[in-house]
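S.K.: Sequence first, predicted coordinates after that:
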Amino acid sequence: MKRNLILICLFLVLNFFSLNAQNTIGLKLAEAAFSLTKQQVTYDPSYFVIPYPNGDVPSNKGVCTDVVIRTYRLLIIDLQQLVHEDMKANFKLYPKNWGLVQPDKNIDHRRVPNLMVYFKRHGKVKPITKNAADYSPGDIVCWHLGNGITHIGIVSNIKSADGKRYQIVHNIGAGQVLEDCLLLFNIIGHYSY
């Protein structure tokens, strides 16, 4: 009986510290994402040949995935390398929407469906709901915009004007911005990583 009580207490303490660590990482991601909104970036979906690892398109250009990539890079996590290595080892698990027959280190990490597969495999899949309270700072959210177009952003730690939900840092065409758009589109992915 005493042993069970000790094990339960230990479990609760470890769970508490794990949740606090997740919250801390989420806040760091949210702050890193928000810092990107201070940079002037033109929406540009062009294919770029970039260095590997730690490659990036020109700093004044980008798309929605570049917000996520740059946010994680500020925390010393290189999604270009991580996604590329996972795709090399598990290419059959990734979408073939672009007609590729092998991974391409210049673009694979810049495609929402590829990031979704990577986050499903290596992150934590979180519930997709229409309840804004289920989305925490640092979470990654993916949307379907219609006509086969997908989108991705990061939940900030800044609330909407009405205080009901966190705003999103993303690039949907106007550069890297903070916007109250969490529930505006059809959510198809929700992750923490």
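M.R.: Looks like it arrived, so ask away.
S.K.: for the spatially most central residue of the chain, which residues make a bridge with it?
M.R.: When C-alpha atoms, centre = their mean is applied to the chain, the residue found nearest the centroid is I140 (3.7 Å). Beta-bridge pairing for I140 (DSSP bridges): I154, Y191.
S.K.: Would you agree N106 is in contact with V49?
M.R.: Yes - contact criterion C-beta atoms under 8 Å: N106 and V49 qualify, at 5.4 Å. (C-beta placed from N, C-alpha, C; glycine too.)
S.K.: more neighbours, these two?
M.R.: N106 (17 against 11; other C-beta atoms under 10 Å).
S.K.: Report the contact partners of the more buried one.
M.R.: Taking C-beta atoms under 8 Å, 6 or more residues apart in numbering, we find N106 in contact with Y47, F48, V49, I50, Y52, G55.
S.K.: ok, back up a step: can you name the residues that contact the residue nearest to the centre of the chain?
M.R.: Contacts of I140 (C-beta under 8 Å, 6+ apart): 68, 115, 119, 123, 152-155, 189-193.
S.K.: List only buried entries from these.
M.R.: Neighbour counting by 16 or more other C-beta atoms under 10 Å classes V68, L115, F119, I152, G153, I154, V155, G189, H190, Y191, S192, Y193 among the contacts of I140 as buried.
S.K.: and which of these is nearest to Y135?
M.R.: When those are compared for distance to Y135 (C-beta to C-beta), V155 wins out at 5.0 Å.
S.K.: If we ignore the residues flanking it in sequence, what's nearest the closest one?
M.R.: Distances taken as C-beta to C-beta, 6 or more residues apart in numbering put D139 closest to V155, at 4.3 Å, once the chain neighbours are dropped.
S.K.: pLDDT wise, what is the one you found at?
M.R.: You'll see D139 listed with a pLDDT of 98.
S.K.: What segments of this protein are helices?
M.R.: Taking DSSP state H, the helices of the chain run over residues 2-36, 64-74, 79-89, 112-122.
S.K.: looking at those helices, which has the lowest confidence?
M.R.: helix 2-36 (a mean of 64).
S.K.: burial measure for I158, as a count.
M.R.: Neighbours of I158 using other C-beta under 10 Å come to 16.
S.K.: What of R110?
M.R.: There are 25 residues near R110, going by other C-beta under 10 Å.
S.K.: dump the residue contacts of it.
M.R.: Contact analysis of R110 by C-beta under 8 Å, 6+ apart lists V57, V63, T65, D66, I69.
S.K.: Counting neighbours, what do you get for the last one?
M.R.: If I follow you right, that is I69. Quick note: I69 (other C-beta under 10 Å) scores 23 neighbours.
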